[in-house]
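K.L.:
predicted coordinates and the sequence they were generated for:
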Number of protein chains: 2
Amino acid sequence: MTPTRIALRAALLVGTLAMAASAPARAADDGDVKDFLLDNGMEVVVIPDHRAPIVTHMVWYKIGSADEPAGKSGIAHFFEHLMFKATTHHAAGEFDRAVSEIGGSNNAFTSYDYTAFHETVPPSALEQMMGFEADRMRNLILTDDVIKTERDVILEERRSRIDSNPQAVLDEEVDATLWQNQPYRIPVIGWMQEMEQLNRPDAKAFYDNYYRPNNAVLVVAGDVEPDAVKAMAERTYGKVARGPDLRPRIRPVEPEQNTKRTVTLTDARVSVPSFSTQWVVPSYHTAKPGEAEALDLLAEILGGGNRSRLYQELVVKQGIASDAAAYFQGTMLDATNFTVYGAPRGDAKLADVEAAVDAEITRIVKDGVSDDELERAKTRYVRSMIFARDKQDDMANMYGSTLATGGNVKDVQEWPDRIRKVTADEVRAVAVRYLVLDHSTTGYLLPQQQAGN
Amino acid sequence: MTPTRIALRAALLVGTLAMAASAPARAADDGDVKDFLLDNGMEVVVIPDHRAPIVTHMVWYKIGSADEPAGKSGIAHFFEHLMFKATTHHAAGEFDRAVSEIGGSNNAFTSYDYTAFHETVPPSALEQMMGFEADRMRNLILTDDVIKTERDVILEERRSRIDSNPQAVLDEEVDATLWQNQPYRIPVIGWMQEMEQLNRPDAKAFYDNYYRPNNAVLVVAGDVEPDAVKAMAERTYGKVARGPDLRPRIRPVEPEQNTKRTVTLTDARVSVPSFSTQWVVPSYHTAKPGEAEALDLLAEILGGGNRSRLYQELVVKQGIASDAAAYFQGTMLDATNFTVYGAPRGDAKLADVEAAVDAEITRIVKDGVSDDELERAKTRYVRSMIFARDKQDDMANMYGSTLATGGNVKDVQEWPDRIRKVTADEVRAVAVRYLVLDHSTTGYLLPQQQAGN
């Protein structure tokens, strides 16, 4: 119910990783996945998984912070909170209690591109969950009192999660620097001065525009049959009237980047310095065929875990870093970011760690990757996929996040084959094209004594 | 007709400087300035100036690039161009030719907060000018062909003025970095990828929303009498129907800034390196009483010309800089920027120049300014004002820019007195509050051989 950027990134990574499953699955098989539309435009994906008597029920709204009106930052996340308030049919807290009483769990999260609500319950409770979700899709009671109370909650959430955390403050200003035009520059939780002004008319307009069956994707993974899910969905969600057609999600995009930028936060609460460097790169939704898959493998080879170049060189061999890694956040509607980061160990200097990371980037840009290294990366990837796929909620996240960012079921299912086809030349090509150090944005988190001024 | 950021800044500076006139004026006297509204809501300011048989006629629309819809950057400036096209009464070029034939001059410019059109002509041609301006306020013929042709012109303007000029490219990315949320982050000329998409419906909507008498300020300075100007304005502009009421110009504002940021452009075309450091500070429209006046004097003392601290210390005494200065851009609707800059001379290093500039900032923050120094700065200011006020178009710009950014005639007229009241403590207070090096944004323009990578 309360996203942080860090948690969000982790979730997205899991989502991405989960997409590479290729070995025979013990859990769901792609061929069993069913995808259909209700008459009111709501998309439904059912992923049968009969290993345990449990079901994951998720509703993904195709509305995130990057869709917010100018000056209304935080409203998408604010609305996620408001969805837990009273409706014309249920008192506030009733839904949560119903989930607890049957030993289930529930939560929600907001990202740049979507807002999702989910419950994990026994299959016998699925229709009840659908009833609750369908109810709050249209029947929330948004009084000034509800708005004011919950606005205080999100303001306090911002104070505790962002403003009291130097890394989070830095991350916000790095994002606001990396993105010169695209709305990912604005924090999901919102800017304080705009959150303070969010009001009932804002919330009502947001609800009426976006919380509609034709702007939602239902994902049900678990011990269920598609036909039964369809019948239940028709009895619950199917009764919610279709809303007006939404405008295409065409947002401002990035201009060309021509400069090297740095963002430095010096804070007495920081003990170990660290840095991260980011580039704007295409996402699965915006990339040319094969580029996003190559970026995924580039991140894996460069910095995806203990066998990666960065880890082996900086942590194991040189021993100058406590950590060094790379990641690519591919499941986004618009252009996304590719990130490398590192932190020094012992007496090593941050500048030495950064220079060593830059040297690895320069090396991969110059010499590319070997076929052998690429095959090993694919194998590692696939292994972690099998593990990820074994988890029902990861499967649900994988489909939900893809469908909420412009993809479809086929994109998910064909993805492992596309990954297998990536060549070493293609990996090098994306490194050459995108990892230009002179066009990067680097954030530095520094202890007070290392301050420049 | 074609603004650049550099030219714009110069124009704004002139506008600001012109406001401090306090000695008995040879030109217009404040008391003679008349301000009134036409029935359709158009504001009119008349500044009699009988020294020469000439008149400056300006129409200021309260619409600038910072008011543009998301994703439509450049439309305000694009529209400035379109205003020179055919109307239902006049062929394209007819207005320009009429001005030339009587030996006059005309032009237009677009800024973040306004778009202005002006002509300088003999008084006998004033009503003709009003007729042309009133006509193009509502009667433009916006065909797809006109849009396409003029769009090619602004795209070429962007290529030649920005993309082929390393300083301009750097300035754009510094702005996009300094401003984390406020629309001044977006270049007035627009981002290329958005300019390419501007179309007829965009232009039509923009015209219908903003080119209305109730969103315009007419400024007439010169050898005219207010009553005669009023009668002429009623016969011309007075016939244009009032448009719908406009929403208040409330734009996204800046969050707190917590980091030090740098933006570096390395380019083979650069021969001498330079840097500039900027801070977000209040404008005359957003400042608490006295703060903007104190910022104006701080800029004057720190870096306003040859007698300033930066110039005396870096250029004259240390001899390490070819130039070093400071400026404050006060006449803006929203928060604005305070800037210092410097460039090395001979063998001096850019880092040494920056360190010397930072030392002067630290000194003024720590020790403030002396009463004597403040008085001398006020005197220098006043002298330059007298000179500026002597120019009819500067007077017109001063009133127009103030009225287009939330001020009124009284603000302009009382401004010299407010400047005179600023104390040394107040100057130091704004330095302490705003010139925090750890919360600044610095742009570096570097020759290729000094590249970090």
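P.N.:
The structure has been received and is ready for your questions.

K.L.:
please state the backbone phi and psi of the residue nearest to residue A:447 when sequence neighbours are not counted?
P.N.:
Nearest residue to residue A:447, sequence neighbours excluded (Cβ to Cβ, 6 or more residues apart in numbering or on different chains): residue A:270, at 4.6 Å. Where C-beta positions appear, they are placed from N, C-alpha and C, glycine not excepted. With angles defined as degrees, to the nearest 10, residue A:270 sits at phi -90, psi 130.

K.L.:
in chain A, where is pLDDT below threshold?
P.N.:
Applying pLDDT under 70 to chain A flags residues A:1-30, A:384-386, A:388-389, A:450-453.

K.L.:
show me how it divides into domains.
P.N.:
Chain A breaks down into these domains under the TED database: A:34-239, A:261-447.

K.L.:
looking at those domains, which is closest to residue B:108?
P.N.:
For the domains of chain A, the distance to residue B:108 is smallest for domain A:34-239, at 25.9 Å, taking Cβ to Cβ.

K.L.:
tell me how far the closest one lies from the chain's centre.
P.N.:
Distance of domain A:34-239 from the chain centroid (Cα atoms, centre = their mean, to the nearest Å) equals 14 Å.

K.L.:
quick one, what contacts the residue nearest to residue A:447?
P.N.:
A:166, A:445-448 (Cβ atoms under 8 Å, 6 or more residues apart in numbering or on different chains).

K.L.:
can you give me the strands in the stretch 51-200 of chain A?
P.N.:
A:55-61, A:105-110, A:115-121 (DSSP state E, counting those that start in this stretch).

K.L.:
tally of neighbours for the residue in the stretch 301-450 of chain A positioned nearest to chain B?
P.N.:
The stretch 301-450 of chain A approaches chain B most closely through residue A:437 (4.4 Å), counting by Cβ to the nearest Cβ. Per other Cβ atoms under 10 Å in any protein chain shown, the neighbour tally for residue A:437 reads 16.

K.L.:
about what we covered before: separation between the residue nearest to residue A:447 and residue A:152?
P.N.:
29 Å (Cβ to Cβ, to the nearest Å).

K.L.:
now do residue A:181
P.N.:
Distance from residue A:181 to residue A:152, by Cβ to Cβ: 32 Å.

K.L.:
so between those two, which is more surrounded?
P.N.:
residue A:181 (21 against 11).

K.L.:
wait, the more buried one touches residue A:257, no?
P.N.:
No. At 10.2 Å, residue A:181 does not count as touching residue A:257 under the criterion of Cβ atoms under 8 Å.

K.L.:
what residues does the stretch 251-400 of chain A put near chain B?
P.N.:
Neighbours of chain B within the stretch 251-400 of chain A, by Cβ under 8 Å from any Cβ of the partner chain: A:251-253, A:255-266, A:358.

K.L.:
switch to 7 Å and redo it
P.N.:
Contacts of the stretch 251-400 of chain A with chain B, taken as Cβ under 7 Å from any Cβ of the partner chain, map to A:251-253, A:255, A:258-266.

K.L.:
most neighbours among the residues you listed, please name it.
P.N.:
residue A:263 (27 neighbours).

K.L.:
what backbone torsions are found at that one?
P.N.:
phi -140, psi 120.

K.L.:
and it, what does it touch?
P.N.:
Residues near residue A:263 by Cβ atoms under 7 Å, 6 or more residues apart in numbering or on different chains: A:170, A:173-174, A:177, A:441, A:443, B:259, B:261.

K.L.:
can you check residue A:181 too?
P.N.:
By Cβ under 7 Å, 6+ apart, the neighbours of residue A:181 are A:252-255, B:191.

K.L.:
hmm, try it at 10 Å
P.N.:
Each residue near residue A:181 by Cβ atoms under 10 Å, 6 or more residues apart in numbering or on different chains is listed here: A:251-255, B:70-71, B:73, B:176, B:185-187, B:191, B:193-194.

K.L.:
for it, which non-adjacent residue is closest in space?
P.N.:
residue A:252 (5.0 Å).

K.L.:
show me the helices in the stretch 201-350 of chain A, by range?
P.N.:
In the stretch 201-350 of chain A, the segments counted as helices under DSSP state H, counting those that start in this stretch are A:226-235, A:291-303, A:309-310, A:350-367.

K.L.:
which of these sits most buried?
P.N.:
helix A:291-303 (a mean of 26; mean count of other Cβ atoms under 10 Å in any protein chain shown).
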